[in-house]
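Peer 1: 3D, please:
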Amino acid sequence: MKRCADVVIIGAGVTGAALAYELAKRGIRDVVILERRFPCSGATGRCGGGIRQQFTTPHNIRLAMESVKRYETLSEELGVDIEFIQGGYLILAETEEEREAQRKAVALQNELGLPSRLLSPEEALDVLPLLDASTITGATYCPTDGHANPFRVVEGFLAQARRMGVMVEKFTAVTGLVVERGRIVRVHTSSGKISPGAVVNAAGAWSVEIARMAGVELPNVPVRHEIAITEPVEFFMDVMVISIHNGIYFSQTKEGQIIGGIGFPDEKPGYVISSSLRFLRVYARELTRYVPALGQLAVLRQWAGLYDVTPDAQPVLGPTPGVENFIQANGYSGHGFMIAPAVAKHLADYIEKGIRSEILEKLSIERFKEEIRGEAFVVG
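Peer 2: Model (predicted):
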């Protein structure tokens, strides 16, 4: 392993891969990615691949809108089919309270330039004809939302980054960070030591542990979310569906499989990634309640991943007070794949030019000193 690097990125998920590629494109190629297992072994490789812009906070909306523009051309740019399907997101509501929340969310989204709109139950059927419209009071829809294959995205970013000189050190765990005079001067790993110019903490649910090595406390907590995939059927839905009532999400892959999951409000924080029968029962019940025609499908596989959750369900981004070369890129609360390309651009601007954008200012770790407005739609 190299003894020094301009930038050391901890984590080879979508954020680490996207940032390494963005930096390399700009000529910053003395970059090392440290990955304790292998690329996509964390949350990125365990997510449903959704890319939505229909959030309730302006920062998440803006980041997602910037990312969608990148995703629209990413297959051509990377030379890899990322299986991006821009079929929109259909967000379901079942109560009048949820419907009112949707009205407020759409008003903010439209104000920021997002073409989302409110739908009646009957109009929702035009988007997803197999939906049982009697289960909902209404929905929202944005045609520019979509979903993609996380493995293909990371594969594409890393292949191009490596081609430009970035090094990816797999099965290399970070074991310590040495801080002197307010800077990280050495990164200790299972494969040796490396002296960094800057260190980026993109370790997902393990970001808290990495930060503590530098004496920094993050408010993030790891929370298990389970997911499943079915046998393939004839393609019938471009759209990604989520419900703010129960947190379910599901879509159809290019191969025809239905992939989706559902979270539990009583899930306790921790590093548990085992699967449960409870999940399968609840997910199958809710999925077939919305789309009864899916009731005959066989589930091929189920698994679990970890959301890296912050108190306001928005990421922690940018420099760290007291440790000047320590940059945070974590706390996505289940939305990392959706906004990583935009995050990479903002962080690359900071690393290359010292530009601290409004996004980095607002989503800094420093925001937790004050009262904050949280993201309401914490779903796939």
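
Peer 1: which phi and psi does the residue lying closest to Gly305 once chain neighbours are set aside have?
Peer 2: The spatial neighbour of Gly305 that comes closest, neighbours along the chain excluded (Cβ to Cβ, 6 or more residues apart in numbering), is Arg46 at 2.9 Å. Where you see a C-beta, it was placed from the backbone N, CA and C, and this is true even at glycine. In terms of degrees, to the nearest 10, the main-chain angles of Arg46 are phi -120, psi 10.

Peer 1: how near is Arg46 to Lys362?
Peer 2: Remark: distance between Arg46 and Lys362 (Cβ to Cβ, to the nearest Å) = 28 Å.

Peer 1: likewise for Ala5?
Peer 2: As it turns out, when the distance is counted by Cβ to Cβ, Ala5 lies 29 Å from Lys362.

Peer 1: ok, the two, which is more surrounded?
Peer 2: Ala5 (23 against 17; other Cβ atoms under 10 Å).

Peer 1: hang on, isn't that one packed against Ile194?
Peer 2: Yes - under the criterion of Cβ atoms under 8 Å, Ala5 lies in contact with Ile194, with a separation of 6.1 Å.

Peer 1: can you list residues touching both of the two?
Peer 2: When contacts are counted by Cβ atoms under 8 Å, 6 or more residues apart in numbering, Ala5 and Ile194 are jointly contacted by Val32.

Peer 1: can you name the residues that contact the nearest residue to Val80 once chain neighbours are set aside?
Peer 2: The spatial neighbour of Val80 that comes closest, neighbours along the chain excluded (Cβ to Cβ, 6+ apart), is Gly156 at 3.7 Å. Taking Cβ under 8 Å, 6+ apart as the definition of contact, the neighbours of Gly156 are 74-75, 78-80, 82.

Peer 1: need the CA coordinates for the helix or strand Leu287 falls within. CSV is fine.
Peer 2: Assigning secondary structure by DSSP states H and E places Leu287 in helix 277-290. Listed next in CSV are the C-alpha coordinates belonging to helix 277-290 (Å, rounded to 0.1, in the frame of the first residue of the first chain):
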residue,chain,number,x,y,z
LEU,A,277,-39.6,-14.0,9.1
ARG,A,278,-41.5,-11.0,10.6
PHE,A,279,-40.2,-8.9,7.7
LEU,A,280,-41.3,-11.3,5.0
ARG,A,281,-44.8,-11.7,6.5
VAL,A,282,-45.3,-7.9,6.8
TYR,A,283,-43.7,-7.1,3.4
ALA,A,284,-45.7,-9.7,1.6
ARG,A,285,-49.0,-8.7,3.2
GLU,A,286,-48.5,-5.0,2.4
LEU,A,287,-47.1,-5.6,-1.1
THR,A,288,-50.1,-7.7,-2.1
ARG,A,289,-52.5,-5.3,-0.4
TYR,A,290,-51.4,-2.6,-2.9
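
Peer 1: could you say what helices and strands that helix packs with?
Peer 2: Using 3 or more Cβ pairs under 8 Å, 6 or more residues apart in numbering; DSSP states H and E as the contact criterion, the neighbours of helix 277-290 among helices and strands are strand 221-232, strand 240-243, strand 257-262, strand 299-309.

Peer 1: now with 7 Å?
Peer 2: Contacts of helix 277-290 with other secondary structure elements, assessed using 3 or more Cβ pairs under 7 Å, 6 or more residues apart in numbering; DSSP states H and E, are made with strand 221-232, strand 257-262, strand 299-309.

Peer 1: quick one: closest of the ones you listed to Ser116.
Peer 2: Between Ser116 and those, the shortest separation by Cβ to Cβ is 20.9 Å, and it involves strand 257-262.

Peer 1: tell me what angle the closest one forms with strand 221-232.
Peer 2: When axes from the mean of the first three to the mean of the last three Cα atoms, to 10 degrees is applied, the directions of strand 257-262 and strand 221-232 differ by 150 degrees.

Peer 1: what angle sits between strand 257-262 and helix 277-290?
Peer 2: Going by the same axes, to 10 degrees, strand 257-262 is angled at 110 degrees with respect to helix 277-290.

Peer 1: paired strands for strand 257-262, with orientation please.
Peer 2: On the basis of DSSP bridges, the sheet neighbours of strand 257-262 come out as strand 221-232 (antiparallel), strand 249-252 (antiparallel).

Peer 1: looking at these, which is closest to His346?
Peer 2: When the strands paired with strand 257-262 are ranked by distance to His346, counting by Cβ to Cβ, first place goes to strand 221-232 at 24.1 Å.

Peer 1: alright, that wraps it up for me.
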